[in-house]
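> Sharing a model prediction with you, sequence too.
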Amino acid sequence: MKKIEYLIAKIAGKFALQGTKLGKGMGKSFPGYLFLKIASFNGLKLLAKNPKCGSIILTGTNGKTTTTKILIRLMKNEYKIAANYESNTINAITTGLLNDNVDFGIFEYGIRDTIHGIPDKIQELVDPIGVVYTNISREHTQVGGVKNRFEDYLNAKSLLTKNMKKGIIISNGDNPYTTYITKNKEKESEKEGYTLKVNYFSSILNLETTDKKCPACSKNLRYHKYENDTLKYPNKNYHCDCGFFKPAPQVKLTEIEINADRWKFKVVGSPYNYFLKDKFSFDFTSDFPPIGLHNLNNGLTAITAYASFTSRPEKFEDNVKKIFSEIGKDILPPGRFEIFEIKKLDDTNQKNIKVKHVGLGQGDNGEALNVNMKFMKLIMKNNNLHFIYTSPDDFEEDIFDDHLKVIEEAKPLKVSVLPGRNSLKMGEKAYNIIKKMYDSEFHPIVDQNERINKIHEIILSSDMDYVIASGCGEEQKMWETIKEQLRKNL
């Protein structure tokens, strides 16, 4: 491309970048949009060379934003970082790359399908030296009113690394679908002589559901517990008769101790490091705020990515402990699951304070709802549980199937069902199935504000010790508004 076009585009983009910093938000998209409007994709290919070391892109169904935020904090210990998150477009990535004099670019990139995203083009243009797969589960089964096959969703995720020939892929070894993508890439790399490496991570938390189909042959995966002979920690292993199986992880969360103020955890690893061109080992204990098992798993993902690209392995452990000691609730994206403790006078005895624990937040797919329920169970001392469930939309029956398994495992004493999105029909369908299993009620409300008020009302009026409200819905507005209403009752 013409050098003058590139310079004009860069100046315009930087000017817009400075302007957006004066307002609210990160200016995630407009500066990048302006640059691409002038310089096109060829300009982005040049711009992607700005980070001296290269770029890392994070994708997955859950945990992208939180993992990206933690990784940025870890990497800032050593490097100057250009970053963008909470946005899933090429414009947002381009905005981050407009920053000069940086060592690394770190970018979140969500992928639904190849119609609404260009993962293979992103890989070609940005040419990342690191790609992180947090997890992959059934979500976005309806996109733009059209049924989206899970196979297409999985394929779109795989395109982000399809033509990648150097660097490191960080992959969730507990998730069969991320494993499937990266195992195929490993085989290709070995066959064709790429320098590409894969670092798998695995957690004792066992947050993945265990009823998945084998991504290689579509048969039911087999799950069993095993004990690693060298590290002696229990974990769930999966395998299939076709030969597909769980890989040995390079980084493992092996122990966890739950306390009211901080959670202690142990991480053991021997991952491949990009700069050492070799593995390095660590074994240490750190702590984390009590903001959810899923976020602890996001922390593990970030630790694995940081270990893959640290240039100072001798300071790795101290840096992780320092950053994790500073992490608080500010790391949570809007709408994510939190647990509240509501206190009020017991109606039967005005001198006694009655405590009700309320778990609230997004659970748009089976994996997310499963993790939310596991977090809830950490504080439950009995099964006196009220489940407020918000259903998915039309054509998202498979998401409901996954949700129903979580509800069944929770064994609630009462279930309140509301449409979580726009489909009253899907809400009724969910209710008609659930009412045969539990004491249930249905609230046919599709207006978002009315739904928010009704969920808040149900939470406050419930006489159960524990209430969980989760499922589908507007990720930020719905859940955050209810949270704000609940905080007034704390």
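Perfect, thanks for sending it. Numbers count the residues shown, from 1 in each chain.
> can you pull out the helices in the stretch 301-450 of the chain?
For the stretch 301-450 of the chain, the helices defined by DSSP state H, counting those that start in this stretch cover 316-326, 366-379, 397-410, 424-434, 448-461.
> elements contacting the second one?
Spelled out, that is helix 366-379. Applying 3 or more CB pairs under 8 Å, 6 or more residues apart in numbering; DSSP states H and E, we find helix 366-379 packed against helix 293-309, strand 338-346, strand 349-362, helix 397-410, strand 466-471. C-beta coordinates here come from the backbone N, C-alpha and C atoms, glycine included.
> Could you do the third one as well?
Using 3+ CB pairs under 8 Å, 6+ apart as the contact definition, the elements that helix 397-410 packs against are helix 366-379, strand 385-391, helix 424-434.
> what residues does the second one touch?
When you say that, I think you mean strand 385-391. Strand 385-391 is touched from outside by 376, 400, 403, 407, 410-421, 423, 426-427, 429-431, 434, 438, 451, 455, 458-459, 462, 464-473, with contacts defined as CB atoms under 8 Å, 6 or more residues apart in numbering.
> And the buried ones among the residues you listed, selectable in ChimeraX?
Burial among the contacts of strand 385-391 is assessed by 16 or more other CB atoms under 10 Å; the matching ChimeraX selection reads:
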select :376,400,403,407,410,412,414,415,416,417,418,419,420,421,423,426,427,429,430,431,434,438,451,455,458,459,462,464,465,466,467,468,469,470,471,472,473
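> thinking again about what came up before, now the helices and strands packed on helix 397-410 in CSV, with distance to Glu338 and mean pLDDT?
Listed next are the helices and strands packed on helix 397-410 as CSV, based on distance: least, CB to CB, whole Å; pLDDT from 0 to 100:
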stretch, distance to Glu338, mean pLDDT
helix 366-379, 9, 91
strand 385-391, 15, 97
helix 424-434, 24, 96
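> With distance to Glu5 added, can I get these in a markdown table?
Compiled in a markdown table, the helices and strands packed on helix 397-410 are given as follows (distance: least, CB to CB, whole Å):
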| stretch | distance to Glu5 |
| --- | --- |
| helix 366-379 | 44 |
| strand 385-391 | 49 |
| helix 424-434 | 49 |
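> Quick one, which of those gets closest to Ser87.
Ser87 sits nearest to helix 366-379 of all the helices and strands packed on helix 397-410, at 19.8 Å, using CB to CB.
> Next, the buried residues of the closest one.
Neighbour-count burial for helix 366-379 [16+ other CB under 10 Å]: 366-377.
> before we move on, what about stretch 46-63?
Within stretch 46-63, the residues that qualify as buried are 46-48, 50-51, 53-63, counting by 16+ other CB under 10 Å.
> Next up, the contacts around Asp364.
Applying CB under 8 Å, 6+ apart, the residues contacting Asp364 are 139, 392, 399, 471-473, 475.
> Surely Val320 is in contact with Ala302?
No: between Val320 and Ala302 there is no contact under CB atoms under 8 Å: 9.1 Å.
> Identify the contacts common to the two.
Residues within reach of Val320 and of Ala302 at once, by CB under 8 Å, 6+ apart, are Leu74.
> which of the two has more neighbours?
More crowded of Val320 and Ala302, by other CB atoms under 10 Å: Ala302, with 29 against 23.
> so what's that one up against?
67, 70-71, 74.
> where do the strands sit along the stretch 1-150 of the chain?
Under the criterion DSSP state E, counting those that start in this stretch, strands of the stretch 1-150 of the chain are mapped to 54-59, 81-84, 104-108, 130-133, 142-143, 146-147.
> quick one on the thing from earlier: could the buried residues of helix 366-379 go into JSON lines alongside distance to Leu97?
Compiled in JSON lines, the buried residues of helix 366-379 are given as follows (distance: CB to CB, whole Å):
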{"residue": "Gly366", "distance to Leu97": "35"}
{"residue": "Glu367", "distance to Leu97": "31"}
{"residue": "Ala368", "distance to Leu97": "30"}
{"residue": "Leu369", "distance to Leu97": "35"}
{"residue": "Asn370", "distance to Leu97": "36"}
{"residue": "Val371", "distance to Leu97": "33"}
{"residue": "Asn372", "distance to Leu97": "35"}
{"residue": "Met373", "distance to Leu97": "39"}
{"residue": "Lys374", "distance to Leu97": "38"}
{"residue": "Phe375", "distance to Leu97": "36"}
{"residue": "Met376", "distance to Leu97": "40"}
{"residue": "Lys377", "distance to Leu97": "43"}
